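Engineer: Here's a sequence, model it:
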Amino acid sequence: MKLLILDRDGVINFDSDAYIKSVEEWIPLPGSIEAIAQLSKAGWTVAVATNQSGIARGYYDVATLEAMHERLRSLVAEQGGELGLVVYCPHGPDEGCACRKPKPGMLQTIAAHYGADLAGCWFVGDSLGDLQAAQAVDAQPVLVKTGKGLQTLAKELPVNTLIFDDLAAIAADLIHK
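Structural biologist: Take a look at the predicted model:
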């Protein structure tokens with residue numbers, strides 16, 4: 001199985017320090033939907049692992065989050081692709097859960113769902129926490145320069161982190177390997 005795991009905010013859609021609180025605020029980054037569809041059509045299973053502490057903070061509810069993800073699924077389907085499992089951490093940063101990145105719980109959930117090995121699997125994110133979650137399960141950390149990616153680039157990255165301009169560049173690389 002060719003499995004690719006993506007962070008959501010800043011990788012697939014625009015991010016906001018004020019949180020993405022509604023379907024209307026959930027706006028895809030240019031080329032991201034097409035990239036997911038192209039990967040899907042090329043035989044990749046594309047899953048999503050996203051911290052969503054806005055739920056714990058009371059900014060939006062699970063139904064609203066699921067509506068955002070349904071919008072994502074429908075946009076990918078309109079391009080002829082399919083989005084795989086979407087997992088999210090609804091907890092706040094101080095709750096001590098096992099799922100909130102940089103902990104690898106969501107990545108492990110995705111691997112268990114698909115019966116996949118995370119070693120070498122690409123996990124694409126725009127934050128140091130994303131890269132650290134990948135590193136924790138021997139996955140390949142991949143940084144995009146979208147979202148908070150340029151700020152993250154200035155930090156000390158895990159060894160062997162791959163760097164791409166955006167999700168479209170990753171799709172082009174993986175499809176043409």
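Engineer: In a strand, residue 35, correct?
Structural biologist: No - looking at residue 35 with DSSP: H, G, I helix; E, B strand; the rest coil, it is helix, so not inside a strand.
Engineer: Quick one: residues in contact with stretch 140-147.
Structural biologist: With CB atoms under 8 Å, 6 or more residues apart in numbering as the test, stretch 140-147 has contacts from 9-11, 14-15, 29, 120-127, 130-132, 134-135, 149, 152-153, 157-158, 160-167, 169-170. For every residue, glycine as well, the C-beta is placed using N, CA and C.
Engineer: secondary structure element for residue 47?
Structural biologist: In this assignment (DSSP states H and E), residue 47 forms part of strand 44-51.
Engineer: Given that strand, what are its sheet partners and their directions?
Structural biologist: Strand 44-51 has its sheet partners listed here by DSSP bridges as strand 2-6 (parallel), strand 86-89 (parallel).
Engineer: a markdown table please, covering these and showing distance to residue 116 and mean neighbour count.
Structural biologist: Output for the strands paired with strand 44-51, formatted as a markdown table (distance: least, CB to CB, whole Å; neighbours: other CB atoms under 10 Å):
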| stretch | distance to residue 116 | mean neighbour count |
| --- | --- | --- |
| strand 2-6 | 5 | 23 |
| strand 86-89 | 13 | 21 |
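Engineer: got those strands as a markdown table, with distance to residue 105 and mean pLDDT columns?
Structural biologist: Shown next, in a markdown table, are the strands paired with strand 44-51 (distance: least, CB to CB, whole Å; pLDDT from 0 to 100):
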| stretch | distance to residue 105 | mean pLDDT |
| --- | --- | --- |
| strand 2-6 | 13 | 98 |
| strand 86-89 | 7 | 98 |
